[in-house]
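Asks: Please find the sequence and the predicted model below.
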Amino acid sequence: MELKIQILEKQCDKSNFNCGYELLDNYLKRQAKQDVGRDLSACFVLVDNALIVKGYYTLSANAIKKSDFPDYLQKKWPPNYQDIPTVLLGRLAVDISIKGKGYGEILLIDALKRCFDVSETVGTLAIVVDPIDEIARNFYLRYGFILLPTSGKMFLPMKTIRELFA
């Protein structure tokens, strides 16, 4: 089965997508296209040759309170910055039919590359995720994401991402 990542389009068949999390399934099936149309997020899908969605992720502009970051980072930034620009990797999901085959990693790397490309022209300090559960949290930890001390969110500094792609 040959898969590719592309922007979510009307022709993409998301009707049978099932990642095992109803919240993520329903978002893709009922809300993703509207959010894209309202410029609230971008949605990228992993599709087969028949354009059947096998995975997806969303990206959107975001800001995190400076006080949410670890002290060692806060000390590096000017005092007049209260909100720190980031990119939100809002959702990342893989259909259960292909789970455990590395496609989550492929989607994550694609998202990181797109964020790196954006960071070349728009200031952004990090990518932020808000893991849905402990399994997702452990997934992001494996790729170097750091837990924000004041929430369940995690971040990966753009400096780290730049080292991957520069």
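Replies: Perfect, thanks for sending it.
Asks: and the longest helix anywhere in the chain, what does it pack onto?
Replies: Longest helix in the chain, counting residues (DSSP state H): helix 103-119. Here helix 103-119 touches strand 4-7, strand 42-47, strand 53-65, strand 83-94, strand 126-129, helix 158-165, going by 3 or more CB pairs under 8 Å, 6 or more residues apart in numbering; DSSP states H and E. Backbone N, C-alpha and C define where each C-beta goes, glycine included.
Asks: To F139, which of the ones you listed lies closest?
Replies: In terms of CB to CB, the element of these nearest to F139 is strand 83-94, at 8.5 Å.
Asks: Let's have the helices and strands packed on helix 103-119 in CSV, adding mean pLDDT.
Replies: Below are those laid out as CSV (pLDDT from 0 to 100):
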stretch, mean pLDDT
strand 4-7, 98
strand 42-47, 99
strand 53-65, 97
strand 83-94, 96
strand 126-129, 97
helix 158-165, 94
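Asks: Tabulate the ones you listed (CSV), appending mean neighbour count.
Replies: Formatted as CSV, the helices and strands packed on helix 103-119 follow (neighbours: other CB atoms under 10 Å):
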stretch, mean neighbour count
strand 4-7, 12
strand 42-47, 22
strand 53-65, 20
strand 83-94, 22
strand 126-129, 26
helix 158-165, 14
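Asks: For G104, which of the ones you listed is the nearest?
Replies: strand 83-94 (5.0 Å).
Asks: picking up where we left off before, now for the helices and strands packed on helix 103-119, which one comes closest to L108?
Replies: Closest among the helices and strands packed on helix 103-119, once you apply CB to CB, is strand 83-94, at 6.4 Å.
Asks: That closest one pairs with which strands, and in what direction?
Replies: strand 53-65 (antiparallel), strand 126-129 (parallel) (DSSP bridges).
Asks: what about the shortest one, distance to the chain center?
Replies: To tie it back to what came earlier, the one meant is strand 126-129. 7 Å (CA atoms, centre = their mean, to the nearest Å).
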